[in-house]
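Asks: I would like the atomic coordinates for the input below:
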Amino acid sequence: MVYRAIGIMSGSSLDGLDIVFAEFGENAGQWQYEIRAADCYPYSADWVSRLKNAVSISARDYQLLHADYGHYLGQMVNRFIEENHLHYQVSLVASHGHTTFHLPPHMTAQLGDGAAIAAETQLPVVTDLRAVDVAFGGQGAPIVPIGEKLLLGGYDFFLNLGGIANISVNRESYIAYDICPANRVLNMLANEMGKEYDEDGKIARSGKRQQELFLKLNNLDFYKKEPPRSLANDFGTDHVFPIIKNSGCGIPDALRTYVEHIVEQIKNAVSGTGLPEHSATTFKLMATGGGAFNTFLVEKLSEQLKEVNTEVVVPDKYLVKYKEALIMALIGILRWRQEYNVLSSVTGARRNSIGGALWTGQEA
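Replies: All right, here's what the predicted structure looks like:
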């Protein structure tokens, strides 16, 4: 069976809207994929501000923003279809939305009204991908592991270096969890120097690690929690970032220290999975997400993971940048097929679930 779908992802780092059009084939439970088109539409300053401040507005204004953002997403999908000549080729749109409130096991909320997307695109649309898992007592995150399991394989670990860094461990009982804030905090620090982000980690490379801050970050209570565990965006913005700011470090030193903090937490996550200490096997970790373009971060990570017999592999730039949007499309297809698309072994829910609300935009 062949499916052609669009996946949309808005990450916590607010660098833009990732859209992928991919063709998926399934035969006897084996999946293949081809990315046919992909793009990232940067957010305007107005949209960055509206999304960043969404958690502090009134309930009425929040619902209005939810609808407005849904219409915006639909318009961006239409633009993507037009620019890539995809008319009449797309059978489904799956949108992650933009996470605002994430309070498992009580609730999770992503902006981007599915009805509005469906009305703009006049296509079937799947949204609210995390909600059912949370209702079943899960963390609602990460949800990407189902796509890693079905589409990628061949690696022992999958690391996403997005606004939040998370890891998947590819073994019989598949597990995955959030590690620590990543690009969102790094970008906030770069913003202090008038930069959108620290290109290639050049500013961090020029700094020096501040040991007191490094130890303080590594001793945060969150890192003592056992998986499954997940992070809301505000852990990085409202808790971690103020710790760094209040340390009095210059920005280069702060960036250097935070890069090394991210690396330390990833190393702890990899070594904490029970890998044999003296194995002759070299384990493989696929790194994707915007942080995989941070040359300095990847260098430091490769150095540290060699100590636990693990090789860092950065795939082609399409997969690095668009893996999550690609997997959103697959999650939407699985929802359409009414098959499990969220793994309870990852989230801690009572059972696997079929996540997503389906909105019908086409005519009868």
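
Asks: Select the longest helix from this structure.
Replies: helix 59-83 (DSSP state H).

Asks: in its sheet, what does the very next helix or strand once past that helix sit against?
Replies: Once helix 59-83 ends, the next helix or strand along the chain (criterion: DSSP states H and E) is strand 92-95. Looking at strand 92-95 with DSSP bridges, its partner strands are strand 2-10 (parallel), strand 124-127 (parallel).

Asks: List the buried residues for strand 92-95?
Replies: By 16 or more other CB atoms under 10 Å, the buried positions in strand 92-95 come out as Leu92, Val93, Ala94, Ser95. No exception for glycine: its C-beta is placed from N, CA and C like everyone else's.

Asks: got the contact list for the first one?
Replies: Neighbour list for Leu92: Tyr3, Arg4, Ala5, Ile6, Leu123, Pro124, Val125, Val126, Ala329, Gly332, Ile333, Trp336 [criterion: CB atoms under 8 Å, 6 or more residues apart in numbering].

Asks: what are the bridge partners for it, then?
Replies: Ala5.

Asks: re the thing from before, mind checking the strands paired with strand 92-95 for the one nearest to Ile203?
Replies: Nearest to Ile203 among those is strand 2-10; the distance by CB to CB comes to 25.6 Å.

Asks: re earlier: which secondary structure elements does the longest helix of the chain contact?
Replies: strand 2-10, strand 17-27, strand 30-41, helix 45-52, strand 107-111, helix 114-121 (3 or more CB pairs under 8 Å, 6 or more residues apart in numbering; DSSP states H and E).

Asks: any weak-confidence spans in the protein?
Replies: 274-280 (pLDDT under 70).

Asks: domains for it, by residue range?
Replies: Per automatic domain parsing, the structural domains of the chain span 2-139+322-360, 146-318.

Asks: so how far is the first one from its chain's centroid?
Replies: With CA atoms, centre = their mean, to the nearest Å as the basis, domain 2-139+322-360 stands 11 Å off its chain's centre.

Asks: From one end of that domain to the other, what's the distance?
Replies: Domain 2-139+322-360 has an end-to-end distance of 20 Å (criterion: CA to CA, to the nearest Å).

Asks: quick one on the thing from earlier: make CSV out of the strands paired with strand 92-95 and add mean neighbour count and distance to Lys149.
Replies: Output for those, formatted as CSV (neighbours: other CB atoms under 10 Å; distance: least, CB to CB, whole Å):
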stretch, mean neighbour count, distance to Lys149
strand 2-10, 23, 16
strand 124-127, 28, 19
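
Asks: right, so of the ones you listed, which gets closest to Pro228?
Replies: The nearest among those, by CB to CB, is strand 2-10 at 21.2 Å.

Asks: what does that closest one contact?
Replies: 17-26, 36, 51, 73, 76-77, 80-81, 89-98, 112, 322, 324-333, 336.

Asks: Filter these down to the buried ones and hand me the ChimeraX line.
Replies: Buried residues among the contacts of strand 2-10 (16+ other CB under 10 Å), as a ChimeraX selection:
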select :17,18,19,20,21,22,24,26,51,73,76,77,80,81,90,91,92,93,94,95,96,97,98,112,322,324,325,326,327,328,329,330,331,332,333,336
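
Asks: so where do the strands sit in this protein?
Replies: According to DSSP state E, the chain carries its strands in the segments 2-10, 17-27, 30-41, 92-95, 98-103, 107-111, 124-127, 157-161, 164-169, 175-181, 283-288, 310-313, 357-360.

Asks: Out of these, which gets nearest to His66?
Replies: That would be strand 107-111 among the strands of the chain, by CB to CB, at 5.3 Å.

Asks: From Phe293, how far out is Ala325?
Replies: 16 Å (CB to CB, to the nearest Å).

Asks: scratch that, Met9 is what I was asking about
Replies: 16 Å.

Asks: Check whether Val308 really touches Asn268, as I assumed.
Replies: No. In this structure, Val308 is not within contact of Asn268 by CB atoms under 8 Å, at 9.7 Å.

Asks: Stretch 71-87: which residues count as buried?
Replies: So for stretch 71-87, counting by 16+ other CB under 10 Å, buried means His71, Tyr72, Leu73, Gly74, Met76, Val77, Phe80, Ile81, Asn84, Leu86.

Asks: for stretch 307-316, same thing?
Replies: Val308, Asn309, Thr310, Val312, Val313, Val314.

Asks: same deal with stretch 200-218?
Replies: Those buried within stretch 200-218 under the rule 16+ other CB under 10 Å are Gly201, Ile203, Ala204, Arg205, Gly207, Gln210, Leu213, Phe214, Lys216, Leu217.

Asks: Check stretch 184-203 too.
Replies: Under 16+ other CB under 10 Å, the buried positions of stretch 184-203 are Arg184, Val185, Leu186, Asn187, Met188, Leu189, Ala190, Tyr197, Asp198, Gly201, Ile203.

Asks: list the contacts for the nearest residue to the fifth one once chain neighbours are set aside?
Replies: Distances taken as CB to CB, 6 or more residues apart in numbering put Phe241 closest to Met188, at 5.4 Å, once the chain neighbours are dropped. Contact criterion CB under 8 Å, 6+ apart gives Val185, Met188, Leu189 as the residues in contact with Phe241.
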